[in-house]
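Peer 1: Coordinates for the following, if possible.
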Amino acid sequence: MKKLVLDTCIAFLGRTISQSEFRVKNGKTFVKDELYYRLNVRPNKNMTASTFWETFVHKLIYDNECLIIQSDDDDLLIADDFQHNEYAVFEDTFSNVTVKDYTFKRVFKQSDVIHLRYRNERLTPLIDGLFTDYGDLFGRILSSQKRKNQIRGTVDMDMIGAKSPQHQAKLQEFIDNMYKAIGEKDVAIIPQQPGFKYSETSGGGTTGQSVDEINKVTNGFFNQVAMALGIPTSLVYGDMADIEKQTKNYMLFTINPLLKKLADEANVKFFEQEEYLSGQKIDIKSISYQSLFDLATAIDKLISSSGFTGNEIRLEAGYEPSDDPNLDKHYITKNYTEMNKVEGGDEQNDGEN
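Peer 2: Here you go, the predicted structure:
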């Protein structure tokens, strides 16, 4: 039950992150170079980008930290094991870095790797503590359910002449073979024996817990783990009520902070301070959860209120600015009247209507 819940929640996060686009930005333009290709298509020789980022999320949450190194041929590799050497005033290092069956001989510096921690404390003790309580309750309900549906049998025997150890041993062997036949075969034929009578009763009464109670305990444990990971349970269950609101909260408070951590680490790894300040950086575009109609309505309000130009909206939405000079102008009212050219009585009145 614990593995099922953890794998379900982690896979949900991994699928969301893997749909993001990692874009290399240079000022106001986006560059599609080798770095872009490795982050979005083929990080290394053995993984696609979607598999790579799903593995990254799985490792990050299970171990509470994940290390990505760059090999000599610029492949991005997720470390399966490593030793983190922490220092107070010096740069941390990573030694004994192992990827699959290969252990790197060299020591990696913090500035040369992408190293993320999921949270301040490991999630595993919390999950184990929850499972101790829920697992005990789950086991008790399951045991009660088994006893409720158990089939019980009785054997009446005439013990006259059956007191010798040899006779009792043969009788016990006969009983064991009979029980084995009843338990394993669809049709069991039992020979009648003098002084021996077998009868069967069903234990299926009205007492005990139902299967629904087992499902409630499983769902309760699932809800606690999902809450710890910041996943609305309605999304995982597939509920359609308020799905856009739940998705918005999920993206805002769970996915975007994780992408921000990853972007910060990537910018430190791939760009120097001067390059970053000049506009070169990794910009991660998450999947859109708004419908095209709602997005168009929001853009329409932003532009028609003169607060933003069309190109400013394009940059905020993650697209390159257009060469159309009209998208660099401010407009007001639903008629998109140009502000800096509306002067005089008639034109001003038309613009205000």
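Peer 1: from here on, contacts and neighbour counts on C-alpha atoms
Peer 2: OK.
Peer 1: all strands of this protein, in order?
Peer 2: All strands of the chain, identified by DSSP state E, fall at 21-26, 29-31, 65-70, 76-78, 81-85, 93-99, 102-103, 108-109, 114-117, 151-157, 196-202, 280-285, 331-332, 337-338.
Peer 1: nearest spatial neighbour of F22, skipping sequence neighbours?
Peer 2: Of all residues not flanking F22 in the chain, I284 sits nearest, at 4.6 Å (C-alpha to C-alpha, 6 or more residues apart in numbering).
Peer 1: Could I get the contacting residues of the one you found?
Peer 2: 20-23, 259, 263 (C-alpha atoms under 8 Å, 6 or more residues apart in numbering).
Peer 1: Quick check: the two most widely separated of the residues you listed?
Peer 2: Greatest spatial distance among these (C-alpha to C-alpha): R23 and L259, at 12.5 Å.
Peer 1: Can you find the helix or strand in this protein with the smallest mean pLDDT?
Peer 2: Here the helix or strand of the chain ranked lowest by mean pLDDT, DSSP states H and E is helix 345-352, holding a mean of 46.
Peer 1: about what we covered before: could you measure from the residue nearest to F22 over to L315?
Peer 2: Applying C-alpha to C-alpha, to the nearest Å, the value for I284 to L315 is 13 Å.
Peer 1: For the longest helix seen in the chain, buried residues please.
Peer 2: Using DSSP state H, we find that the single longest helix of the chain is helix 124-148. Buried residues in helix 124-148, defined by neighbour count with 16 or more other C-alpha atoms under 10 Å: 127, 131, 134-135, 138, 141-142, 144-145, 147-148.
Peer 1: Kindly report the same for stretch 216-235.
Peer 2: Neighbour count says stretch 216-235 has 217-218, 221-226, 229-233, 235 buried, by 16+ other C-alpha under 10 Å.
Peer 1: who touches it?
Peer 2: With C-alpha under 8 Å, 6+ apart as the criterion, stretch 216-235 contacts 1, 5-6, 9, 127, 130-131, 134, 137-138, 240, 243, 246-247, 250, 253-254.
Peer 1: just stretch 22-29 next, same as before
Peer 2: Outside stretch 22-29, the residues touching it (C-alpha under 8 Å, 6+ apart) are 30-33, 35-36, 39-40, 278-285, 315, 320-321.
Peer 1: Would you mind checking those residues for buried ones?
Peer 2: The buried subset of the contacts of stretch 22-29 (16+ other C-alpha under 10 Å) comprises 30, 35-36, 39-40, 280-285, 320-321.
Peer 1: Quick check: which of the residues you listed has the minimum pLDDT.
Peer 2: On pLDDT alone, E320 ranks lowest of these, at 73.
Peer 1: which residues touch that residue?
Peer 2: E320 touches 28-30, 311, 314, counting by C-alpha under 8 Å, 6+ apart.
Peer 1: Now the phi/psi pair for it, please.
Peer 2: Dihedral pair for E320: phi -70, psi 150, per degrees, to the nearest 10.
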